[in-house]
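Trainee: sequence? don't have it. structure:
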């Protein structure tokens, strides 16, 4: 894609907050809704003499993510100190990884506008989050609850070429870490934060242009908009004969523009060195293999399987695999119903609509997948009609009762006895003699639909629609 | 019972068997501190609760409760150790008002074993110094000669112990800070193997070198105190899971057949004649007791002092970054804080809060770690450090324990070296390589200078071989001609 003869070059760093129960170097809780500075200890506020001890779960989650991103897992990785002064950095340094990160050299594949795109992952390294400064007029309060929350920073190669690809890359990483259950993926709470490095160069140029870093963007829509803005801004500047300044810019979602936060001249020398308080992280082959074996099927593979094995169209497969609980729900439903397409349809239309309108998550659905599956099987068996099924579905949503119970209690069983239906048909035809006349004479065209509706209504929707049609057609000959 | 000169074991036994109450012991030493410390300045603060804590212990004993190995033993704790509810300053203005809400792991273990904390002991600021003259709380005097320094950085511990203001003290040793003052003050000081003792709650100077140890009056007390202090701590990932031997019980003064290594590099040239004589005497004694003397060599120790200062300063520059006036400790006085930018806030606070020597090392370390210099300094120092360790391990294939002087000369005069950092740094020439290699080391009093200043002998063993070192120390102690000598101040 070309912008006025320029090509954008984009690389993304995503900070993924790992959903461990305790912080990466202390036993403090990681709950989001804690009171100010409640989740702290001498360790996480950097009291004199306190020491970090690494959380094993954070290492496991990092390996899990690395494997899902196709990375090599370093058997020996090293925590390093990144030294800088800022009040929300309690120790005056951040414990991170520098030249020996836990994960390296991976890639992910996803589709943008139907075209497959491969983006390289340079590395993924563990680090601790900082606290949060709340600037309140002429003073600042610091909340250290976030200080020490484990982060995995995933760094992409500069392989991304369009704002849409950037956003999709972010969504794909978001989807993967949620599938892996290593991150709650809550963007509003900052569980996943994107920094984008953006530069432009003349199409065909071999050298990269000067890059600008867009920091801390917490929605993929904003990623797309911020990069879009930044590309245009940079091209405008170059066309005006200006030089691009290497700097960090922030996205202002209200004004739809980026603005300069600091230029590289104030760039700090972080004086990285191995943290002497922490031994190198040694990972055994056994651990890596165990984690690899326990990896869940990832969304792209799962969507492919839904297409090849279940015969679902690509669009259905993609919708159903957006998040793992939804895909799990679908598979459990289909296993019960033995009808893939119908299960997909019921979930994508009725269930998702109800969930959306009531603002519920799939895991909170009052209907269990086995119940929905059973209901679909009952349709296929002819016990209920598709129309009645909607009533059953509503009732299941309200009461959580089993479909059979609802059908029994409400007398919703489909009438498939020809004699009984014939009786209703006769009554309806008798009551509508004029319409029968008009239909037969051709005075009014095609009143069949009217009669079907009337019969269904008279049967309280319980008549088998196929039989109603058949009998009506014969009688109206 | 003469409490002043009683050993730790004697006091604990007497308290447990109710021959003396913990309260009487605490009161005895409290009086000594009150009457003698004016001359020494070894205490930075006293524990106002000491007597009450001793009474509580007595109450537990009279109820028949199980109390620990160190029941009722009065201890002084170096300012580097966090003590719950007691000011912990690291000898610095920047922590002047810091009262930790927790105990360092070793302090907690000693308390659990029954010690009574009498107060906190003076030291060089952030343990950076060899004379206890860099302390914000004033210089400490050597009890053997009040014109002399007690050594450093654990100068307060050494002086208080030598003057018997307490029955035991704790020190920390990053490049010799336990062994050198122990030698200058005529007491026993042990730095255990790196990883033997938890560093949790001990204010960090140089994390890969720091190790806490006892500074006490005799080898057995040292062994016993170490037993209580040592062992794995879930709050310090660098502690070993190796079991802690019963050093004090296993202690034997028998060195028959043991191989004592004399390090070539440490035996030649530059030694004060009295130190030279003391070393020769110690070798003769061990020979007489049946030890075999062998020569060993660790040529890379030539670089130990520069390597030590590069590594220690680098780590310190990062470790001391947390003292920024934001969360605790000293904050410079600003008239209108909201008009002050961050850089000024940090600059003024840290500029006023840290002393000269600390600032010198922060600058040195910051420079070493800077981009473009890292490889030439910090990284290179790390490589040499590994070579030093490897050469030591080679040397320990030929001997059990290495014997050497602790310092080139006995205690020097106050003010003599403080304005000459290089001479001061060279004071650490025999002690730093032990820390760089992570080895256990100790100082045992064995001689006396013509001027009446004590001279110690340094013993070093291979990793986790503290027992061999303690045994040799015990043998030397039993053969020492200066045993029972008392400092001037007493």
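Mentor: On my side now, so go ahead. The structure displayed is predicted, hence computed values, not measured ones.
Trainee: CA atoms for contacts and neighbours, from now on please.
Mentor: OK.
Trainee: Can you find the helix or strand of chain B with the lowest average pLDDT?
Mentor: Least confident helix or strand of chain B, by mean pLDDT, DSSP states H and E, is helix B:421-426 with a mean of 76.
Trainee: and the helix or strand following it, what does it pack onto?
Mentor: Remark: after helix B:421-426, the chain's next helix or strand is helix B:432-436, criterion DSSP states H and E. Under the contact definition 3 or more Cα pairs under 8 Å, 6 or more residues apart in numbering or on different chains; DSSP states H and E, helix B:432-436 sits against helix B:304-319, helix B:380-395.
Trainee: Throw those into JSON lines and include mean pLDDT, thanks.
Mentor: Formatted as JSON lines, these follow (pLDDT from 0 to 100):
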{"stretch": "helix B:304-319", "mean pLDDT": "97"}
{"stretch": "helix B:380-395", "mean pLDDT": "97"}
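Trainee: how about these, which one is nearest chain A?
Mentor: helix B:304-319 (6.8 Å; Cα to the nearest Cα).
Trainee: Would you mind pulling the contact partners of the next helix-or-strand element following that closest one?
Mentor: Next helix or strand after helix B:304-319 toward the C-terminus (DSSP H and E): helix B:342-353. Applying Cα atoms under 8 Å, 6 or more residues apart in numbering or on different chains, the external contacts of helix B:342-353 come out as B:92, B:93, B:94, B:323, B:324, B:325, B:330, B:331, B:332.
Trainee: per-residue confidence at the residue in the stretch 51-200 of chain A that chain B sits nearest to?
Mentor: Here the residue of the stretch 51-200 of chain A nearest chain B is residue A:91; by Cα to the nearest Cα that distance is 4.3 Å. Residue A:91 carries a pLDDT value of 97.
Trainee: just to revisit the earlier point, run through who's touching the least confident helix or strand of chain B.
Mentor: Residues contacting helix B:421-426 (Cα under 8 Å, 6+ apart): B:129, B:130, B:305, B:417, B:418.
Trainee: For the residue sitting nearest the centre point of chain B, which residues are in contact?
Mentor: In chain B, the C-alpha nearest the mean C-alpha coordinate belongs to residue B:178, at 2.5 Å (Cα atoms, centre = their mean). For residue B:178, the contacting residues are B:152, B:153, B:154, B:171, B:172, B:189, B:190, B:191, B:213, B:215, by Cα under 8 Å, 6+ apart.
Trainee: Okay, now the sheet partners of the lengthiest strand in chain A, with direction.
Mentor: The longest strand of chain A (DSSP state E) is strand A:115-128. Strand pairing for strand A:115-128, using DSSP bridges, gives strand A:103-112 (antiparallel), strand A:150-156 (antiparallel).
Trainee: where in the stretch 301-450 of chain B is pLDDT low?
Mentor: Within the stretch 301-450 of chain B, the set of residues satisfying pLDDT under 70 is empty.
Trainee: What parts of it come near chain A?
Mentor: B:315, B:318, B:319, B:321, B:322, B:326, B:327, B:338, B:366, B:369, B:370, B:371 (Cα under 8 Å from any Cα of the partner chain).
Trainee: could the residues you listed be laid out in a markdown table, adding neighbour count and distance to residue A:366?
Mentor: Converted to a markdown table, these look like this (neighbours: other Cα atoms under 10 Å in any protein chain shown; distance: Cα to Cα, whole Å):
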| residue | neighbour count | distance to residue A:366 |
| --- | --- | --- |
| B:315 | 28 | 57 |
| B:318 | 27 | 54 |
| B:319 | 22 | 54 |
| B:321 | 18 | 54 |
| B:322 | 23 | 51 |
| B:326 | 17 | 50 |
| B:327 | 16 | 49 |
| B:338 | 12 | 54 |
| B:366 | 21 | 60 |
| B:369 | 28 | 59 |
| B:370 | 18 | 60 |
| B:371 | 13 | 59 |
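Trainee: show me the contacts for the residue nearest to residue B:278 when sequence neighbours are not counted.
Mentor: Nearest-residue entry for residue B:278: residue B:447, 5.3 Å, with adjacent residues in sequence omitted and distances by Cα to Cα, 6 or more residues apart in numbering or on different chains. Going by Cα under 8 Å, 6+ apart, residue B:447 touches B:275, B:278, B:454, B:455, B:456, B:480, B:481, B:482.
Trainee: Check residue B:129 too.
Mentor: Applying Cα under 8 Å, 6+ apart, the residues contacting residue B:129 are B:152, B:153, B:357, B:424.
Trainee: let's see 6 Å
Mentor: B:152, B:153 (Cα atoms under 6 Å, 6 or more residues apart in numbering or on different chains).
Trainee: where does it fall, phi/psi-wise?
Mentor: phi 160, psi 160 (degrees, to the nearest 10).
Trainee: Could you pull up the contacting residues of residue B:332?
Mentor: residue B:349.
Trainee: Show me what from chain A comes close to chain B.
Mentor: Residues of chain A found near chain B (Cα under 6 Å from any Cα of the partner chain) are A:48, A:49, A:50, A:51, A:53, A:91, A:92, A:138, A:271, A:276.
Trainee: pretty sure the fifth one is in contact with residue A:25, am I right?
Mentor: Yes - judged on Cα atoms under 6 Å, residue A:53 makes contact with residue A:25 at a distance of 4.8 Å.
Trainee: Which of the two has more residues huddled nearby?
Mentor: Shown here are residue A:53 and residue A:25; by other Cα atoms under 10 Å in any protein chain shown, residue A:25 has more neighbours (23 against 20).
Trainee: pretty sure the more buried one belongs to a strand, no?
Mentor: No - counting by DSSP: H, G, I helix; E, B strand; the rest coil, residue A:25 is not found in a strand; it is coil.
Trainee: which residues sit in contact with it?
Mentor: Counting by Cα under 6 Å, 6+ apart, residue A:25 has contacts A:52, A:53, A:54, A:55.
Trainee: let's go with 8 Å and repeat that
Mentor: A:43, A:44, A:52, A:53, A:54, A:55, A:148.
Trainee: thinking the third one is in contact with residue A:26, fair?
Mentor: Spelled out, it's residue A:52. Yes - contact status for residue A:52 versus residue A:26: in contact at 6.4 Å, counting by Cα atoms under 8 Å.
Trainee: for the chain, what's the longest helix?
Mentor: By default, I'm working from chain A. Secondary structure of chain A per DSSP state H: the longest helix is helix A:220-239.
Trainee: Not quite, go with chain B.
Mentor: Every helix in chain B considered (DSSP H), the longest is helix B:22-40.
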